[in-house]
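**Q** return atomic coordinates for the entry below.
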Amino acid sequence: MLMTTPVSTLSDADYRRIQAFLRKEAGITLGPAKKPLVTGRLGKRLRARDCGSYDAYLRLLDSDATERQQAVDLLTTNETYFFREAKHFAFLSEQIIPQRAKQSNLRIWSAACSSGEEPYSIAMVLAERRGRGWEILASDLSTRVLAFAAQGIYPVEHAEKIPKTYLKHYCLRGVSQQEGFFSIVPDLRKRVRFSQINLNNALPPVGDFDVIFLRNMLIYFDVISKKAICMRLLAHLRPGGYFLVGHSESLNGIADGLRLIQPAVYQKD
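**A** The predicted model follows:
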């Protein structure tokens, strides 16, 4: 039951503790401007857990691993949508796939997949342009968004950026209780493997990839963390493979052994 007494405001001291918490758990640096976002995302959790102050909630985080994960999930969820930064998907379709036409299996990693729009967009392109002989690993730190992504069900307004051909072939409009939603077709959904991976830690044995998408994530990290994350990921990128970041991001001074091919698209030497 939600508590009826108001939650105290987030003090600067407690905000610094939350900053330290997220830095330790996820490697993410929250700037001063993110304080209202933190208040908005954590306020309901304080009420749900009967914590009248952020101090009480922070003490709860020290002892409750499940709640720690819940807090990380809430604080690390980022905006995403289907076919975001369309030039990347054009490059995948027109350059990468033809270049690897004779390769038996094309492996792609969506390394900060959030709620699944990115890996499903990649999957649609691969299914349409390559057919078989590909696989996608989609990972995120948040267990909550991964559970949502694995279902492959989205509000119909999220289909706005999906090309009509892909919408027809790879999406199903919901009916009855699912009216107002659409789902990714089962054959495509089962070809995307979702896994919780913390890029700030040593990586599990995921194998090597031809393409790694790490878009619109590095902006949340300091330079040292950016370098460490890129080093870990690039160890799993095959020579000649492609590393894609967000168009607002740059790897200058962050990662070695890469050549800029076009804005936000790098190739490993």
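**Q** and Glu118, how far from Ala65?
**A** With distances taken as Cβ to Cβ, to the nearest Å, Glu118 is found 28 Å from Ala65. No exception for glycine: its C-beta is placed from N, CA and C like everyone else's.
**Q** these two: which has the busier surroundings?
**A** Neighbours of Glu118 and Ala65, each counted by other Cβ atoms under 10 Å, are more numerous for Glu118; the result is 27 against 8.
**Q** surely Gly52 is within a strand?
**A** No. Secondary structure assignment (DSSP: H, G, I helix; E, B strand; the rest coil) places Gly52 in coil, not in a strand.
**Q** surely it touches Leu46?
**A** Yes. With contact defined as Cβ atoms under 8 Å, Gly52 counts as touching Leu46 (7.4 Å).
**Q** which helix or strand contains Ala20?
**A** With the criterion set as DSSP states H and E, the secondary-structure element containing Ala20 is helix 12-26.
**Q** with Gly240 instead?
**A** Assigned by DSSP H and E, Gly240 falls within strand 237-245.
**Q** after that strand, which helix or strand is next?
**A** Downstream of strand 237-245 (by DSSP H and E), the next one is strand 258-262.
**Q** in that next one, what counts as buried?
**A** Buried residues in strand 258-262, defined by neighbour count with 16 or more other Cβ atoms under 10 Å: Leu258.
**Q** what's the answer for stretch 103-123, then?
**A** Counting neighbours by 16+ other Cβ under 10 Å, one finds that the buried residues in stretch 103-123 are 106-123.
**Q** average model confidence for that stretch?
**A** Model confidence over stretch 103-123 averages 96 on the pLDDT scale.
**Q** for stretch 53-67, same thing?
**A** 92.
**Q** was I right to think Met124 contacts Ile162?
**A** Yes. Under the contact definition of Cβ under 8 Å, Met124 touches Ile162, with a separation of 7.5 Å.
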